[in-house]
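**Student:** Sequence and predicted structure below; questions after.
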Amino acid sequence: MADKVEGKAWKFGDNVNTDLIYPGHLLKSFLPAPEMAKHAMEGADPRFAREVKPNDIVVGGRNFGCGSSREEAVASLKAAGVGAVVAESFGRIFFRNAVNVGLPVLECKGISSRVNSGDLLEVDVAGGEVRNLTTGGVLRTIPLPPFMLQILDKGGLIPYTKDRLAEKKA
Amino acid sequence: MHAVEKILARASNEKRVEAGEIVNAKVDVAMVHDRAGPRVSDSFEKIGAERVWNPDKVVVTFDHNVPPPTVENAEAQNRFRSFLNRYGLKNVYPGGTGICHQVLPEKGFAWPGAVIVGTDSHTVTYGAFGAFATGIGHTEMASVLALGEIWLRVPRAVRIEVAGRLPLGVMAKDVVLRLAKDVGEEGALYNVIDFVGPTIRGMSVDGRMVFCNMSVEMGAKAGFVEADRKTLDYVQTRTGKTFAPVKTDPEYDYEREWRLGVGKLEPQVALPHSVANVKPVSEVGDVRVDQALIGTCTGGRLEDLRAAARVLKGRRVSPDTRLVVVPASLEVYLQALEEGLVETLLHSGAIVCPPGCGPCTGGHMGVLASGEVCVSAANRNFRGRMGSLDSFLYLASPATVAASAVEGRIADPRKYI
């Protein structure tokens, strides 16, 4: 099952759209992952890409990742080392894209008011739990459905679809 | 059941499905454009499928960056083209044909009851034809190309009823901006929005596409307009086939409803940096305009160009403003030429670009400098979307954009009509 992730929180507000997460003018360049990482969250917080550490956790408000279908938004976060994204709610394409590239995501009501930037968090996507190790608070939520956890476990949709193709052939 | 539930039940071989349930749906049409194509092909190769499940059901448009603006983009487009050839994909519409969301209906790839997925969030546009249509990312599209199916959570429907006759100078875009304000950017999150009421019924297919297109700006998974005579006529002309509408049962229980009367609606403007930050044009104040954009998948259709030409006929664009016009498709462009609209626009001082997405996503053909203001007939005014993070985007109807281009200030189009 998807492992727990422990990292420092980067908190953002409501309706952070994918243009803010990954700039549209770069899409035509089809940058490789390490280059994409340098632009993650550029429109929302220019410090983010420079200072983010492996396994840090992005905490969003409502409708995080709304807007465009660009998968570069989740890919840039993953490439930057983000361990998980937790938000009050998600733009639905962002949510699917995250699972599909193997970036753990969790919808968790109340997260915005219980976490400050810099708090140390432990996110248990499979168990549906977020622990704020700085304040001691615990938030419970509905975990992802088993097949989505399976996609995450496999490392994303590509290996998952590979298996499904093999099953179909067998 | 809601019409979308019936569509998803059919596509997943079930008698009934309910909101919240997860189904495996067979895909009728998969749309890929050049902005995602090179990534889709990379992911597809990683999956290692021998073939695309059904090349006839895949539609490819080159619309985001046409003609290619940079060397690296041109290289990527070529990589994508070799992929298309390698896997025998034939429904390919090259640069200049138009924006996917106009080209698919024109070429007969949107019909009542279809399940359509595309690598673009505005794929929701095809709900205007009574289809279930939604956007997905490029990895997911690669998986669809391999398997021909996709998991979907059946959405609960909300209902938006629009009644009243639109006043002169007020367009579908004004109504949908006002709805974005009422519903909010996340008011219909994960829902399908059913657009109903006499105003929608009275509207052309073009107008209905504007509504469904912008359903995603209210968080929706899909927009939907039940097919009627107008839809069926359009679809029959384009596909050569007859379709029956998929209808919602009268007892369907909507999660939420909104009503809007439009009989006295003023032109509306969305202010930076949110689609829901909407005011009537009379309350916007004095806003200088550096660039005006008429085009995109929500504001570049024939009706839009007609409205713009009506305002601009015999007038000049302000010397302090550049007006960029991008017809949504070649078909729209040719018809606009035939009607003399393009000539009117050119004489007014407009820059007319080849059909495609134009500068909407900040790629080319009208990218904004810091401090610049653009009033746009597009669907998103997110900060930085069209260039500098320090530019400012206002959304309005094509008529309002045209009037604003004339005055060099955001302006009410009604005095020009």
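**Tutor:** Received the coordinates, thanks. Residues are numbered from 1 along each chain as shown, chains lettered A, B, ... in the order given.
**Student:** now the strands: where do they sit in the stretch 301-417 of chain B?
**Tutor:** Using DSSP state E, counting those that start in this stretch, the strands assigned to the stretch 301-417 of chain B run over residues B:322-325, B:351-352, B:373-376, B:392-395.
**Student:** strands paired with the shortest one, and their directions?
**Tutor:** The reference is to strand B:351-352. strand B:322-325 (parallel) (DSSP bridges).
**Student:** And the average pLDDT for the partner strand is what?
**Tutor:** Strand B:322-325 carries an average pLDDT of 98.
**Student:** and residue B:181, what element?
**Tutor:** Element membership for residue B:181, per DSSP states H and E: helix B:172-183.
**Student:** Quick one: check that helix for contact with chain A.
**Tutor:** No: counting by CB under 8 Å from any CB of the partner chain, chain A is not contacted by helix B:172-183; separation bottoms out at 11.9 Å. In this view, the C-beta of every residue, glycine as well, is placed from N, C-alpha and C.
**Student:** low-scoring stretches of chain A, by residue?
**Tutor:** A:1-2 (pLDDT under 70).
**Student:** quick one: the strands in it?
**Tutor:** Assigned by DSSP state E, the strands in chain A fall at A:5-11, A:57-60, A:84-87, A:105-107, A:120-124, A:129-132, A:138-140.
**Student:** Give me the helices and strands touching the last one, please.
**Tutor:** Pointing back at strand A:138-140 there. On a contact count with 3 or more CB pairs under 8 Å, 6 or more residues apart in numbering or on different chains; DSSP states H and E, strand A:138-140 meets strand A:129-132.
**Student:** Around residue B:319, how many other residues sit close by?
**Tutor:** Other residues near residue B:319 number 8, with proximity taken as other CB atoms under 10 Å in any protein chain shown.
**Student:** per-residue confidence at it?
**Tutor:** With respect to pLDDT, residue B:319 scores 98.
**Student:** what's it in contact with, if anything?
**Tutor:** The contact partners of residue B:319, taken as CB atoms under 8 Å, 6 or more residues apart in numbering or on different chains, are residue B:408.
**Student:** Tell me how far it lies from residue B:408.
**Tutor:** For residue B:319, the distance to residue B:408 equals 8 Å [CB to CB, to the nearest Å].
**Student:** What of residue B:375?
**Tutor:** 10 Å.
**Student:** Neighbours of residue 90, how many?
**Tutor:** Picked chain A for this. 26.
**Student:** ah, no, chain B please
**Tutor:** By other CB under 10 Å, the residues close to residue B:90 number 11.
**Student:** and the strands of the stretch 301-417 of chain B, which is most packed in?
**Tutor:** Across the strands of the stretch 301-417 of chain B, averaging neighbours per residue (mean count of other CB atoms under 10 Å in any protein chain shown) puts strand B:373-376 on top, at a mean of 28.
**Student:** so what's the closest residue to residue B:266 other than its chain neighbours up against?
**Tutor:** Nearest non-adjacent residue to residue B:266, counting by CB to CB, 6 or more residues apart in numbering or on different chains: residue B:280, 4.0 Å away. Shown in contact with residue B:280 (CB under 8 Å, 6+ apart): B:266-269.
**Student:** what's the lengthiest strand in chain B packed up against?
**Tutor:** The single longest strand within chain B, with elements called by DSSP E, is strand B:157-163. Judged by 3+ CB pairs under 8 Å, 6+ apart, strand B:157-163 is in contact with helix B:172-183, strand B:192-196, helix B:198-202, strand B:257-261.
**Student:** Can you report how many residues neighbour residue 50?
**Tutor:** Defaulting to chain A. Residue A:50 - counted by other CB under 10 Å - has 9 other residues nearby.
**Student:** that's the other chain; I wanted chain B
**Tutor:** A total of 8 residues lie near residue B:50 under the criterion other CB under 10 Å.
**Student:** do residue B:60 as well
**Tutor:** By other CB under 10 Å, 25 other residues sit near residue B:60.
**Student:** and the strands of chain A as TSV, adding mean neighbour count and distance to residue B:332?
**Tutor:** Output for the strands of chain A, formatted as TSV (neighbours: other CB atoms under 10 Å in any protein chain shown; distance: least, CB to CB, whole Å):
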stretch	mean neighbour count	distance to residue B:332
strand A:5-11	20	44
strand A:57-60	27	38
strand A:84-87	26	39
strand A:105-107	24	39
strand A:120-124	21	48
strand A:129-132	20	49
strand A:138-140	15	50
